[in-house]
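Show me how the following folds:
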Amino acid sequence: MPGRVLQMRLVVEAADYDEAVAFYRDVLGAPEELFVDSGDGARVTILDVGRATLELSTPEQVTLIDTAEVGRRVSPRLRVAFEVADVATTTDELAAAGAEVIAPPTRTPWDSLNARLAAPADLQLTLFQELS
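Modelled structure (predicted):
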């Protein structure tokens with residue numbers, strides 16, 4: 001049976017909405033797919049971030065990933081990972097736009113280059129670049 005799910009949408013409440021939209025749309029480069037202003041401050045921007053997957057991990061796997069990327073356990077329950085073409089450049093651009101670098105680009109045992117950042121809207125991000 002083909003998959004019934006056609007799209008995954010991660011909904012994030014952003015206290016500083018304008019900062020979050022500018023960061024993810026303008027700096028990270030996720031194209032705007034839809035904007036709705038419902039009045040009285042109720043706004044939503046939907047960004048196209050490419051193909052979405054749902055990664056379900058055991059606590060042990062999260063610890064393994066954190067140790068490879070950061071050197072210690074730092075993940076909250078939810079972390080967002082973006083595959084990018086150039087982790088080093090994207091990390092620098094996001095840091096210049098206000099993200100805090102938790103760990104710089106690091107080669108992982110699974111042959112990717114990963115960086116970890118604390119970003120607007122209280123999201124922890126992994127940026128990854130497949131090396132093989």
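
What is the burial count for residue 87?
22 (other Cβ atoms under 10 Å). In this view, the C-beta of every residue, glycine as well, is placed from N, C-alpha and C.

distance of it from residue 99?
The gap separating residue 87 from residue 99 is 13 Å, by Cβ to Cβ, to the nearest Å.

try residue 79
Taken as Cβ to Cβ, the span from residue 79 to residue 99 is 14 Å.

Comparing those two, which residue is more hemmed in?
More crowded of residue 79 and residue 99, by other Cβ under 10 Å: residue 99, with 22 against 18.

got a list of what that one touches?
23, 117, 118, 119, 120, 125 (Cβ atoms under 8 Å, 6 or more residues apart in numbering).

Export those to JSON lines and append columns for secondary structure.
Shown next, in JSON lines, are the contacts of residue 99 (DSSP: H, G, I helix; E, B strand; the rest coil):
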{"residue": "23", "secondary structure": "helix"}
{"residue": "117", "secondary structure": "strand"}
{"residue": "118", "secondary structure": "strand"}
{"residue": "119", "secondary structure": "strand"}
{"residue": "120", "secondary structure": "helix"}
{"residue": "125", "secondary structure": "strand"}
